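J.: Quick one, fold the following:
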Amino acid sequence: MIKKIISFILFLLFASFAALQYNDPDPTKWIIIYGVVAVICLLNVFDINSKKGNLVIIIVLGLFSLIYIPGFYEWITTPNKNEIFGEMVYEKPYIEETREFLGLIIAIAGMLYQYRVSK
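T.: Residues are numbered from 1 along each chain as shown. The predicted structure follows:
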């Protein structure tokens with residue numbers, strides 16, 4: 001029962017993430033990513049899941065996150081880490097790349113949980 005509650009909370013979280021993407025520079029991509037994770041979480045609440053399907057999504061998200069590693073590395077090596085919480089600065093694209101990388105890591109973490117509890 002606790003696994004279903006956690007999956008439902010994750011569903012609400014990722015559905016909220018998807019809903020908040022409308023003002024992102026590339027909203028469609030992120031609404032789809034967070035929306036897929038939300039749907040997987042909801043399906044797991046009703047014991048409708050696929051361990052192989054979850055693994056495929058984890059792999060795809062992991063491969064997609066590789067695109068953002070250079071931007072994340074650039075942010076890690078900058079002295080002012082607080083920039084990530086401010087507005088997007090076009091001279092510093094690594095800020096948005098870092099946010100997107102961290103968003104993918106959160107999505108992967110949610111999917112890893114779903115993979116672990118799926119049958």
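J.: Off-centre distance for the lengthiest helix in the chain?
T.: Longest helix in the chain by number of residues (criterion: DSSP state H): helix 94-117. Using Cα atoms, centre = their mean, to the nearest Å, the mean C-alpha position of helix 94-117 is found 4 Å from that of the whole chain.
J.: ditto for stretch 55-75
T.: 10 Å.
J.: Count the neighbours of Asn82 for me.
T.: Close neighbours of Asn82, defined as other Cβ atoms under 10 Å, add up to 7. C-betas here are computed from N, CA, C, even on glycine.
J.: any idea how far Gly62 is from Val39?
T.: 19 Å (Cβ to Cβ, to the nearest Å).
J.: cool, Leu55 as well?
T.: Taken as Cβ to Cβ, the span from Leu55 to Gly62 is 10 Å.
J.: same check, this time on Asn49
T.: For Asn49 relative to Gly62 (Cβ to Cβ), the value is 19 Å.
J.: Relative to Leu104, how far out is the most far-flung residue of the chain relative to its centre?
T.: Note on the chain: the largest separation between a C-alpha and the mean C-alpha position, by Cα atoms, centre = their mean, falls on Pro79 (25.7 Å). Distance, Pro79 to Leu104, by Cβ to Cβ: 25 Å.
J.: who's in contact with the residue lying closest to Val39 once chain neighbours are set aside?
T.: Closest residue to Val39 apart from its sequence neighbours, by Cβ to Cβ, 6 or more residues apart in numbering: Phe11 at 8.0 Å. By Cβ atoms under 8 Å, 6 or more residues apart in numbering, Phe11 lies in contact with 38-39, 41-42, 45.
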